[in-house]
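Visitor: turn this into a model:
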Amino acid sequence: SKNYKGWIFGTETRRIWTQCIKPSEHTRTRKYHFLNPIMQNKLHLSAFSALLSDEQKAIPVHSVILFGNRCNLKKIDLSSGRHTVVRLKDLSKTVRSMIETTPVTDMAAINTVYRLLYPMTQVSEDVKQKHIADIEAELHRENTIAEEEAEGIPAPASEETAKNAVTVPADVPVETEGQS
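Guide: Take a look at the predicted model:
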């Protein structure tokens with residue numbers, strides 16, 4: 001769940017979403033960026049799936065991103081139909097709709113999955129804070145790259161590109177493709 005206020009803008013495919021807050025009519029709107037919660041949830045669902053047996057993987061799983069009621073989901077583009085983004089006040093209605101359209105899973109399977117997941121919710125405060133710090137570091141990295149691209153600075157090379165790079169001394173002329 002995400003406890004944001006203000007207007008929320010995002011798409012299923014953009015890595016960064018935007019939160020806009022206007023504290024009062026006499027102040028400028030402030031924009032904040034955060035990592036796409038759908039992409040974060042995909043990672044969570046992938047880790048979850050890795051824990052399941054083949055039989056358990058038949059249990060229907062829904063990707064639901066939950067925001068608090070203090071925000072307004074102003075423009076959220078979902079194109080694949082595989083994810084749901086809702087505010088807390090709409091969660092009950094959303095879950096009821098999912099139950100009505102999803103094949104019934106027996107309680108024994110649900111309880112097995114619950115017992116598998118429950119211990120993972122019982123992590124220390126240190127583990128939670130490290131997770132938050134890791135996400136914030138990734139967001140800072142993404143914001144830095146976006147700012148540099150806006151200023152015309154090329155993005156850093158990937159590790160693969162860096163491994164394959166050849167260092168040429170500055171005084172050696174380099175012929176590029178198309179040059180003669």
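Visitor: list the buried residues for the longest helix along the chain?
Guide: If you go by DSSP state H, the chain has its longest helix at helix 125-150. Buried residues in helix 125-150, counted by 16 or more other Cβ atoms under 10 Å: L139, E142, I145. Where C-beta positions appear, they are placed from N, C-alpha and C, glycine not excepted.
Visitor: Throw those residues into CSV and include distance to H26 and pLDDT, thanks.
Guide: Listed next are the buried residues of helix 125-150 as CSV, based on distance: Cβ to Cβ, whole Å; pLDDT from 0 to 100:
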residue, distance to H26, pLDDT
L139, 29, 76
E142, 32, 76
I145, 34, 71
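Visitor: show me which of those residues is closest to I16.
Guide: Proximity of the buried residues of helix 125-150 to I16 (Cβ to Cβ) peaks at E142, which lies at 5.8 Å.
Visitor: what's stretch 36-55 in contact with?
Guide: Outside stretch 36-55, the residues that touch it by Cβ atoms under 8 Å, 6 or more residues apart in numbering are 2, 10-12, 14-17, 57, 59, 61, 63, 65, 78, 83, 85, 113, 116-117, 135.
Visitor: hey, C-alpha coordinates of it in PDB?
Guide: C-alpha atoms of stretch 36-55 as PDB (Å, rounded to 0.1, in the frame of the first residue of the first chain):
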ATOM      1  CA  ASN A  36       6.200   2.800 -10.300                       C
ATOM      2  CA  PRO A  37       4.400   0.700  -7.700                       C
ATOM      3  CA  ILE A  38       3.200  -1.700 -10.400                       C
ATOM      4  CA  MET A  39       6.800  -2.600 -11.300                       C
ATOM      5  CA  GLN A  40       7.600  -3.000  -7.600                       C
ATOM      6  CA  ASN A  41       4.600  -5.300  -7.200                       C
ATOM      7  CA  LYS A  42       5.700  -7.300 -10.200                       C
ATOM      8  CA  LEU A  43       8.900  -8.000  -8.300                       C
ATOM      9  CA  HIS A  44       6.900  -9.000  -5.200                       C
ATOM     10  CA  LEU A  45       4.700 -11.300  -7.300                       C
ATOM     11  CA  SER A  46       7.700 -12.900  -9.000                       C
ATOM     12  CA  ALA A  47       9.300 -13.600  -5.600                       C
ATOM     13  CA  PHE A  48       5.900 -15.000  -4.300                       C
ATOM     14  CA  SER A  49       5.600 -17.200  -7.400                       C
ATOM     15  CA  ALA A  50       9.100 -18.600  -6.800                       C
ATOM     16  CA  LEU A  51       7.900 -19.900  -3.400                       C
ATOM     17  CA  LEU A  52       5.000 -21.800  -4.800                       C
ATOM     18  CA  SER A  53       4.800 -25.400  -5.900                       C
ATOM     19  CA  ASP A  54       3.400 -26.100  -9.400                       C
ATOM     20  CA  GLU A  55       0.100 -27.100  -7.900                       C
END
